[in-house]
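**Student:** A structural model of the following input is requested.
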Amino acid sequence: MTSRSHIKAVLQALFVTLLWSTSWVLVKIGLKASLPAITFAGLRYFIAFLCLLPFILLNPAQRKGLRGLSRAAWGQLALLGLLFYTLTQGAQFAALAFLPAATLSLLLNFSPIFIALASGLLKDESPSLIQWGGILLTTAGAVVYFLPLTLPAGQGIGLWIALICVLANSASSLLGRRVNHQSGLSPILVTAISMGIGGLLLLMIGATTQGFGKLDLTQWLIIAWLALVNTAVAFTLWNNTLKTLTAVESSILNGTMLPQIALLAWLFLDEPLSARQILGILLVGIGTLIVQLWRQLPAVARSTS
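**Tutor:** Numbering: from 1, shown residues only. I've put the predicted structure just below:
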């Protein structure tokens, strides 16, 4: 029975990664249909927050947790919303307007490296020799992917926006881990509050600077699907898998998104990859996986000893 439940959790997690990977395709389709990038991101995450809200307001335990939030907790959740939704997701949508999906996905895979380096500085624990090997392998993969270093028009701007996205994503991951471990709040409460604050701010910035454009039925369907299925439902399913899967297993399954996004972009967005770029993606994927696994394996060993 345990084996069956574990297989079910693995398949469910893979399904969630597929949903998240299709988000990149849907976002690119929306952007090509002239959806303003920041407004698009704001609509997705604020509507997703509205979808999660009933699960908090109709649950006595969640309402109690909400009422018991201290001013410091509200401040941390607001900062998390600013970093992960307003900055990270806003920059991701904006970067996708300039870069191929596979390129941005590859760059975002550098987040675990920044997290490992920052964790080493904050906790006075430098990366292990194996992790340094993973970092070098990831860097080599990026060099292979981008060689020769000539960028099509407009992609230079996209790379700068992507850098903001990677840094904000790394910072939000560190803060998110701290909030989840120290606040005592449920994952849905942390996600919903930070998403509501960050998504609303993102929507206000987009509406003020870019407007809403001309949203037709297809564009509204894309926004609704991204908000309801690929965000609210996917989040719920992923959290359910965390009850069964180890941190290492979750990292490995989450790492499958890099090739998934590249394949989906080739199939649906006409963004083909050369053999050199495929090799670069593989090297980056293996390198970041090494960095993540060797950060989490000691914790797993301690918890099972």
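**Student:** and the residue nearest to the spatial centre of the chain, what does it touch?
**Tutor:** Nearest to the geometric centre of the chain sits residue 169, at 7.5 Å (C-alpha atoms, centre = their mean). Counting by C-beta atoms under 8 Å, 6 or more residues apart in numbering, residue 169 touches 84, 88, 108, 111. C-beta coordinates here come from the backbone N, C-alpha and C atoms, glycine included.
**Student:** Which one of those residues sits in the busiest neighbourhood?
**Tutor:** Neighbour counts for the contacts of residue 169, by other C-beta atoms under 10 Å, peak at residue 88, which reaches 25 neighbours.
**Student:** Give me the pLDDT value at that residue.
**Tutor:** The score at residue 88 is 96. That number is its pLDDT.
**Student:** Please apply the same query to residue 126.
**Tutor:** pLDDT, residue 126: 68.
**Student:** Equivalent analysis for residue 61, please.
**Tutor:** pLDDT, residue 61: 91.
**Student:** and it, how many residues sit next to it?
**Tutor:** Neighbours of residue 61 using other C-beta under 10 Å come to 10.
**Student:** Could I get the buried residue list for the helix or strand hosting the residue nearest to the centre of the chain?
**Tutor:** Using DSSP states H and E, residue 169 falls within helix 155-182. For helix 155-182, burial by neighbour count (16 or more other C-beta atoms under 10 Å) applies to 155, 158-159, 161-162, 164-173, 175-176, 179.
**Student:** Would you list the phi and psi of residue 110?
**Tutor:** Dihedral pair for residue 110: phi -80, psi -10, per degrees, to the nearest 10.
**Student:** List the contacts of it.
**Tutor:** For residue 110, the contacting residues are 138, 142, 166, 284, 288, by C-beta under 8 Å, 6+ apart.
**Student:** One more: residue 188?
**Tutor:** So residue 188 contacts 52, 55-56, 62, 235-236, 239 (C-beta under 8 Å, 6+ apart).
**Student:** taking the residues you listed one by one, which sit in helices?
**Tutor:** Judged by DSSP state H, those include 52, 55-56, 62, 235-236, 239 as members of helices.
**Student:** now those residues: which count as buried?
**Tutor:** The neighbour count (16+ other C-beta under 10 Å) marks 52, 56, 62, 235-236 as buried among these.
**Student:** any chance of the residues you listed in JSON lines, with distance to residue 256 too?
**Tutor:** Below are those laid out as JSON lines (distance: C-beta to C-beta, whole Å):
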{"residue": "52", "distance to residue 256": "25"}
{"residue": "56", "distance to residue 256": "31"}
{"residue": "62", "distance to residue 256": "31"}
{"residue": "235", "distance to residue 256": "18"}
{"residue": "236", "distance to residue 256": "20"}
